[in-house]
Structure formats: C-alpha cells, structure tokens
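S.K.: Got a predicted structure plus its sequence, pasted below:
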Amino acid sequence: LISSATKSLRMETEILEKKLQDAQKKLAEKDGDKDKEIQSLKRLISELEFQLTMEKNNNESFLDKLRKEMKHKSDELEKLTQERTQLIHSLSQVQEENSLLQETVRRECEERCGLTAALSRAREQVLELRRLSGTFP
C-alpha cells in the first residue's frame, strides 16, 4: 500500500513537475515576447521622438522664416507709408501752386479783358476823331 502510494505520488509529482516545466516554458516565452514588444515599443518611441524633434526644428525654421518675412513686409510697409506721406505733401504743394497759377491766370485774363475793352474804346475814339477831322479839314 505504501509502495503503491509512493508510486502514485511520484507519478503525480512527475506530472506536476512536467506541468511546472511547461508553465515555466510558457512564462519564459511570454517574457521573451514581452521583452520583444518592449524593445519594439522603445524603438517606436525613439523614432517618434526623433520625428517630433525634426518637426519642432522644421516648425522653428518655418517660424523664423515667417518672422523674417513679416519684418521685411513691415519695413516695406513703413517705407511705402513714408512715400505715400511724401506724395500727399507734394500733391498738396502742387495743388496750392495750381490754385495760385489759376488765380494769376484769372487776374491776367481780367486785366486783358480790361485792356481789350480800353483798346476798343481808344479805336472808336480814334475813328471818331478821324471822322470828325475828315469833315473839318
């Protein structure tokens, strides 16, 4: 009976040891798979961090270009605004000069009309005097 129980326990122990070995083997495989997955994830994280760094650099470079362009456009706008102000000032001066010239032309025209009228009266007087002197030698 003891021999049979010992044999039975040995068989059960062998079965349990085999199950333990199988479980340890499966656990080792799972650990290996997890290690592979961890390594794969670490590589992916490294790649993503590299891509993120590259994107940051590209964005910073792009922002620098945009800032430079904006500064250039701002300087250009300031220059054009100054030119516009100068042109408005010049236009104002030209308009004043034009008004002065128009006033001068108007006065000269009035003076000319007055002189033309005086000349016409003088001609009429000369004609009248000739006519009168023609009848009285």
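M.R.: Nice, I can see it. Residues are numbered from 1 along each chain as shown.
S.K.: Dihedrals phi and psi, the residue nearest in space to the middle of the chain?
M.R.: When the chain is reduced to its mean C-alpha position, the nearest residue by Cα atoms, centre = their mean turns out to be residue 70, at 6.0 Å. Note on residue 70: backbone dihedrals following degrees, to the nearest 10 are phi -60, psi -40.
S.K.: Could you list the low-confidence segments of the chain?
M.R.: 135-137 (pLDDT under 70).
S.K.: how far away is residue 87 from residue 12?
M.R.: 108 Å (Cβ to Cβ, to the nearest Å). The way it works is simple: take the backbone N, C-alpha and C, and place the C-beta from them, glycine included.
S.K.: same check, this time on residue 41
M.R.: Residue 41 is 42 Å from residue 12, where distance means Cβ to Cβ.
S.K.: where do the strands sit along this protein?
M.R.: Shown for the chain, no strands are assigned by DSSP state E.
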